[in-house]
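Asker: next come a sequence and a model predicted from it.
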Amino acid sequence: MNEKTNTHEGASINEIMVTKAIMDSYFKKLNDHLLMDVAIVGAGPSGLVCATYLAEKGYRVAIFERKLAPGGGIWGGGMMFNSIVIQAEALPIVEKFGITIEPYAEGFYTIDSVETAAALIYRARHAGAVIFNGISVEDVVLKEGRVSGVVTNWTTVEHMKLHVDPLVFLSRAMLDATGHPAEIVQKLINKGGVRIDSPSGGIGGEKPMWMDVAEKATVDATKRIYPGLYVSGMAANNVEGAFRMGPIFGGMFMSGIKAAGLIDAELNGPAV
């Protein structure tokens, strides 16, 4: 018998083959999403939940995440105690993602933050959403009064302040799920000079913590703020001028579902 080492189905492992496989696979993802239905900026809880629901409906969805690890602020739980709290209203969402739930008090539950982050990422990918990690969105495409895409570069380019021109992805809708800074909305206002659908016409600014008020406000503030652009999660709170809530995440999950419903209602079926 002709024995081979380091083989799979008779093919020898080859450095060029491995490199080419990575390049071909990655560039296919890039090419498939140069034109997409929904671009989501920020792979935190609301962005991942929104991506999952939209991808399950057949939309072509890509998430752009600046950091290497998607998951946003979930991983650290509360002050690096890797547990987080959800309220009863969010139970159906958590159950859908297969996350282990521990009852704590009437109407409140704890879930493991590491398991939660992993589950959200896994389900988003298996629903069909693509995650481009290590990529920053440095600008938006603004055409005829509508946000129409993202302008991207490597996060390392951003951090090292290298003079490297970006690449562009076009989309039918975009979600700012960047968390507390509401970075995409900031860029649109600062560079586009536009007024958005918020009480001030601009970014109201996040208020101090008030958990029960903030949880409801997170969902209420999730909306379309400019043609083509939606906000969710803490980005929505910042835009609206609402309070922060800390390590309770039910509102974040429900915000992602609401954003998905609003985007689905506007796009009314995939067209890419």
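Answerer: It's in.

Asker: distance of Y230 from N31?
Answerer: 25 Å (CB to CB, to the nearest Å). (Glycine included, C-beta is placed from N, CA and C.)

Asker: give me the more crowded residue out of the two.
Answerer: Set Y230 next to N31 and count neighbours by other CB atoms under 10 Å: Y230 wins out with 27 against 9.

Asker: the more buried one and D112, how far apart?
Answerer: 29 Å.

Asker: burial of P181, as a residue count?
Answerer: As a burial measure, P181 scores 15 neighbours (other CB under 10 Å).

Asker: how far away is it from I257?
Answerer: Distance of P181 to I257, computed by CB to CB: 23 Å.

Asker: same check, this time on G193
Answerer: Applying CB to CB, the value for G193 to I257 is 32 Å.

Asker: those two: which is more packed in?
Answerer: For G193 versus I257, neighbours defined as other CB under 10 Å are more numerous around I257 (21 against 8).

Asker: check which helix or strand the more buried one maps to.
Answerer: Per DSSP states H and E: I257 is located in helix 250-267.

Asker: buried residues, that helix. List them.
Answerer: Going by neighbour count (16 or more other CB atoms under 10 Å), the buried part of helix 250-267 is 250-260, 262-264, 267.

Asker: thinking G128 is in contact with K57, fair?
Answerer: No: counting by CB atoms under 8 Å, K57 is not a contact partner of G128; they are 9.6 Å apart.

Asker: which stretches of this structure aren't confidently modelled?
Answerer: Residue ranges of the chain with pLDDT under 70: 1-11, 269-272.

Asker: hey, where'd the helices end up in it?
Answerer: 15-32, 45-56, 91-96, 113-127, 155-160, 183-192, 211-220, 233-240, 250-267 (DSSP state H).

Asker: so which of those is nearest I135?
Answerer: Nearest of the helices of the chain to I135, taken as CB to CB: helix 155-160 at 6.5 Å.

Asker: strands of the stretch 51-200 of the chain, start to end?
Answerer: 61-65, 83-87, 102-105, 108-112, 130-133, 135-143, 146-154, 167-176 (DSSP state E, counting those that start in this stretch).

Asker: got those as JSON lines, with distance to G47 and mean neighbour count columns?
Answerer: Formatted as JSON lines, these follow (distance: least, CB to CB, whole Å; neighbours: other CB atoms under 10 Å):
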{"stretch": "strand 61-65", "distance to G47": "6", "mean neighbour count": "28"}
{"stretch": "strand 83-87", "distance to G47": "16", "mean neighbour count": "20"}
{"stretch": "strand 102-105", "distance to G47": "25", "mean neighbour count": "10"}
{"stretch": "strand 108-112", "distance to G47": "18", "mean neighbour count": "18"}
{"stretch": "strand 130-133", "distance to G47": "10", "mean neighbour count": "18"}
{"stretch": "strand 135-143", "distance to G47": "12", "mean neighbour count": "20"}
{"stretch": "strand 146-154", "distance to G47": "13", "mean neighbour count": "20"}
{"stretch": "strand 167-176", "distance to G47": "7", "mean neighbour count": "23"}
